[in-house]
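**Student:** This is a predicted model, with the sequence first.
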Amino acid sequence: MQAIYQKTLSKPVSFEGIGLHTGKKSFVKVLPAEENSGITFKRTDLENNNLIKANFSNVSSARLCTTLENNYGVKVSTVEHLLAALYISGIDNAIVEIDSEEVPIMDGSSKDFLDVIKNVEKIDQPKKRNYLKIINKIELVDGIRKISIEPHNSSLEVSFQLNYENKIIGKQNNTINFQSDNLNEVSSSRTFCLFEDIEKIKKFGLAKGGSLENAVVVDNDKVLNEGGLRNNKEFVNHKILDLAGDFLLSGYRIIGKVFCHQGGHQLTNLFLRKIFASKNVFQIISQKDFKVSKKFHSKDLEKLAVNA
């Protein structure tokens with residue numbers, strides 16, 4: 001059963017590590033926040049204009065990770081795994097203090113974040129949680145990549161397909177219901193890349209902190225990481241994890257059935273923008289009886305970007 005009331009942490013939790021792309025060390029503290037405040041990043045290394053709302057409209061780049069940016073050009077990147085951990089943990093409101101421009105990659109999944117967060121009590125807050133319920137199917141196609149969402153019962157269900165020429169990755173698909181399924185394999189599935197792409201990625205100034213400690217690296221017909229894969233669908237499971245984190249940027253828990261083929265951060269962000277710009281695609285409801293509390297139209301997009 002979905003939660004009725006909004007939730008936050010009972011006390012702060014902290015993490016420390018290096019950024020996957022910058023290679024810089026960073027310290028993160030996740031603090032409780034007031035109801036209806038959502039998730040806000042705070043750059044503690046900056047004195048002014050250092051707040052960045054976790055909202056899809058603030059995504060300035062989605063190349064290999066999700067980067068948020070406020071109106072003053074202040075950024076925070078690789079937010080997706082921490083956001084996925086907050087999503088899985090049921091956290092609606094939090095302030096994420098960070099002393100650098102990139103969230104630490106930890107082990108390349110959400111596992112390290114969840115291992116800490118799960119040991120802290122979650123507090124019900126006075127305000128009810130609202131859900132974004134899909135009422136009509138909507139689709140986005142970009143070449144071979146496509147994503148769609150259609151009405152579903154009372155949960156988020158994601159079906160994801162990957163198709164790589166590499167023999168190890170190959171064709172993978174999985175379907176996960178975020179309400180009823182065990183999420184341990186999804187949350188512990190690590191980011192991955194092909195060995196042949198590493199130099200190309202680094203030419204873009206990315207992956208400066210990447211290693212076998214925080215990413216799965218596939219070289220032709222073998223996994224280079226000691227111990228191999230954590231589960232037999234780790235590649236597609238990580239894509240599902242990324243999608244969950246990026247979906248939290250909607251400002252709501254989404255109720256619908258998602259199908260995604262060859263997707264990634266960029267496609268997901270474009271899809272969220274299309275959903276919120278479309279009429280009669282979804283309704284905002286409360287959980288108590290799942291009665292409709294409000295219809296949502298594109299004219300509300302600007303308001304959501306400020307308040308979500």
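**Tutor:** Ah, there it is. Numbers count the residues shown, from 1 in each chain.

**Student:** what residue of this structure is the furthest out?
**Tutor:** Computed with CA atoms, centre = their mean, the maximum C-alpha offset from the centroid of the chain is found at residue 221, amounting to 29.5 Å.

**Student:** Contact partners for it?
**Tutor:** 167-168 (CB atoms under 8 Å, 6 or more residues apart in numbering). C-betas here are computed from N, CA, C, even on glycine.

**Student:** Likewise for residue 168?
**Tutor:** So residue 168 contacts 218, 220-223 (CB under 8 Å, 6+ apart).

**Student:** By neighbour count, which of the residues you listed wins?
**Tutor:** Using other CB atoms under 10 Å as the neighbour criterion, residue 218 leads the contacts of residue 168 with 22 neighbours.

**Student:** wait, doesn't that residue sit right on residue 194?
**Tutor:** Yes. Taking contacts as CB atoms under 8 Å, residue 218 lies within contact range of residue 194: 5.5 Å.

**Student:** and for these two, which residues touch both?
**Tutor:** Common neighbours of residue 218 and residue 194 (criterion: CB under 8 Å, 6+ apart): residue 166.

**Student:** Now for residue 65: which residues touch it?
**Tutor:** The contact partners of residue 65, taken as CB under 8 Å, 6+ apart, are 20-21, 77-80, 265.

**Student:** rerun at 6 Å
**Tutor:** For residue 65, the contact set (CB atoms under 6 Å, 6 or more residues apart in numbering) comprises 77-78.

**Student:** Now do the SS call for residue 157.
**Tutor:** Recorded secondary structure, residue 157: strand (DSSP: H, G, I helix; E, B strand; the rest coil).

**Student:** Contact partners for it?
**Tutor:** The contact partners of residue 157, taken as CB under 6 Å, 6+ apart, are 177, 257.

**Student:** Would you mind measuring from it to residue 176?
**Tutor:** Applying CB to CB, to the nearest Å, the value for residue 157 to residue 176 is 7 Å.

**Student:** repeat for residue 244
**Tutor:** Applying CB to CB, the value for residue 244 to residue 176 is 9 Å.

**Student:** more neighbours, those two?
**Tutor:** Ranked by neighbour count (other CB under 10 Å), residue 244 and residue 176 place residue 244 first, with 28 against 24.

**Student:** Backbone dihedrals for the residue nearest to residue 53 when sequence neighbours are not counted, both of them.
**Tutor:** Computed as CB to CB, 6 or more residues apart in numbering, the closest residue to residue 53 that is not its neighbour in sequence is residue 40, at 5.7 Å. Torsion angles at residue 40 (phi, psi; degrees, to the nearest 10) stand at phi -130, psi 130.

**Student:** now swap in residue 86 and tell me
**Tutor:** phi -70, psi -40.

**Student:** Share the number of residues neighbouring it, please.
**Tutor:** For residue 86, the neighbour count with other CB under 10 Å is 27.

**Student:** What distance do you get for it to residue 225?
**Tutor:** Counting by CB to CB, the separation of residue 86 from residue 225 is 27 Å.

**Student:** can I assume residue 152 is in contact with residue 254?
**Tutor:** No. With contact defined as CB atoms under 6 Å, residue 152 does not reach residue 254; the gap is 9.5 Å.

**Student:** who has more neighbours, these two?
**Tutor:** Legend: neighbour count by other CB under 10 Å for residue 152 and residue 254, higher for residue 254 (24 against 17).

**Student:** For the residue nearest to the more buried one when sequence neighbours are not counted, what is the enclosing helix or strand?
**Tutor:** In space, and not counting its chain neighbours, residue 254 is closest to residue 132: 4.9 Å by CB to CB, 6+ apart. Here residue 132 sits within strand 130-134, counting by DSSP states H and E.

**Student:** and what of residue 185?
**Tutor:** With DSSP H and E as the criterion, residue 185 is inside helix 184-187.

**Student:** and that helix, what other elements does it pack with?
**Tutor:** Helix 184-187 sits against helix 234-247, with contacts defined as 3 or more CB pairs under 6 Å, 6 or more residues apart in numbering; DSSP states H and E.

**Student:** roughly how far out does stretch 164-178 sit from the chain middle?
**Tutor:** On the basis of CA atoms, centre = their mean, to the nearest Å, stretch 164-178 sits 19 Å off its chain's mean C-alpha point.

**Student:** Just the endpoints, please. Distance across that stretch?
**Tutor:** For stretch 164-178, the first-to-last residue distance is 25 Å (CA to CA, to the nearest Å).

**Student:** What mean pLDDT does it get?
**Tutor:** In this model, stretch 164-178 has a mean pLDDT of 96.

**Student:** If we go by neighbour counts, what in it is buried?
**Tutor:** Residues 168-169, 172, 174, 176, 178 are the ones in stretch 164-178 that count as buried (16 or more other CB atoms under 10 Å).

**Student:** Report how many residues lie close to the closest residue to residue 80 other than its chain neighbours.
**Tutor:** Excluding its sequence neighbours, the residue lying closest to residue 80 (CB to CB, 6+ apart) is residue 245, at 3.6 Å. By other CB under 10 Å, 24 other residues sit near residue 245.
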